[in-house]
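Engineer: structure here, sequence nowhere to be found:
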C-alpha cells in the first residue's frame, strides 16, 4: 500500500524491484488516495470478500504512509479478520516523539528508523548512541521535524573528519545507522528495526525476527 502520488510511485517501484530481486513476489499492489477512506485501500489490498480478508497468497503488508493514515490501518485489518498479518513500514509513520496513547493502534507494526529516532535500539540505551553529545544537544532544541537532517549532518561531518579511518575500516556507527563504504565509493546505510508495543517504539535486536516474529 503506497500513496497515489510521485512519492508513492517511486517507493513502490523500488520496493517491487528489490523484493522481486530477492526472490519474493508481490501478489497485490494498491495506490491509495491519502484523503480517501482507509477501508477502501485495505479491502483492495487484501481481496476482502464480504467482511473477511482473503490471505491465502498474502504473507505480509508493506505500508508507506504518514502517521495519521498509518494509525488507521491496523484497526482496519482487525475489522477484516487480518489482525495476524504482519505489517512492515518505513520510518515515515514515526514522528520521533513519544505518544503512547496516540500510537497504540500501531502496536506490532515493524518499521525502520535511524538510531537517533529510536534510542533504545542501541544496547545500553541512548547514552551509548553514536555521537551522544550531539544527540543530546539537538534533542534539547526540540526541533523534531529537523532531527533526521541534523543526524545526517552529524554523520557527514564525522565522515569528513575521519575519512582516513573510514576508508581503511570501511564501516562506521553513525547517527543515521551503520555506515558501510562500498567498493564503488558509495555509502550504504543500514537502519535498525523496531516495532510499536503499547504505543512505544521498541527495538528489535536480533536479525532473525523476520523469520520468527520475535525479538
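Structural biologist: Cool, the structure landed. As the structure is a prediction and not an experimental result, all values here were calculated from the model.

Engineer: where exactly do the strands run in the chain?
Structural biologist: Using DSSP state E, the strands of the chain run over 2-3, 31-32, 61-63, 87-89, 110-112, 171-174, 177-181, 187-190, 193-197, 200-204.

Engineer: give me the low-pLDDT residue ranges for the chain?
Structural biologist: For the chain, the stretches flagged by pLDDT under 70 are 120-128, 142-143, 205-215.

Engineer: so what's the nearest residue to residue 178 once chain neighbours are set aside up against?
Structural biologist: Nearest residue to residue 178, sequence neighbours excluded (C-beta to C-beta, 6 or more residues apart in numbering): residue 190, at 4.4 Å. Where you see a C-beta, it was placed from the backbone N, CA and C, and this is true even at glycine. Each residue near residue 190 by C-beta atoms under 8 Å, 6 or more residues apart in numbering is listed here: 177, 178, 180.

Engineer: could I get the strands of the chain as TSV with distance to residue 44?
Structural biologist: Formatted as TSV, the strands of the chain follow (distance: least, C-beta to C-beta, whole Å):
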stretch	distance to residue 44
strand 2-3	12
strand 31-32	8
strand 61-63	12
strand 87-89	16
strand 110-112	22
strand 171-174	39
strand 177-181	33
strand 187-190	33
strand 193-197	25
strand 200-204	29
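
Engineer: relative to residue 153, which of these is closest?
Structural biologist: strand 171-174 (11.1 Å; C-beta to C-beta).

Engineer: what count of nearby residues applies to residue 63?
Structural biologist: Residue 63 has 23 neighbours, counted by other C-beta atoms under 10 Å.

Engineer: and it, what does it touch?
Structural biologist: Applying C-beta under 8 Å, 6+ apart, the residues contacting residue 63 are 1, 70, 73, 87, 88, 89, 90, 93, 109.

Engineer: how about 6 Å then?
Structural biologist: For residue 63, the contacting residues are 1, 87, 89, by C-beta atoms under 6 Å, 6 or more residues apart in numbering.

Engineer: who wins on neighbours among the residues you listed?
Structural biologist: residue 1 (25 neighbours).

Engineer: who touches that one in this structure?
Structural biologist: By C-beta under 6 Å, 6+ apart, the neighbours of residue 1 are 30, 32, 41, 45, 63.
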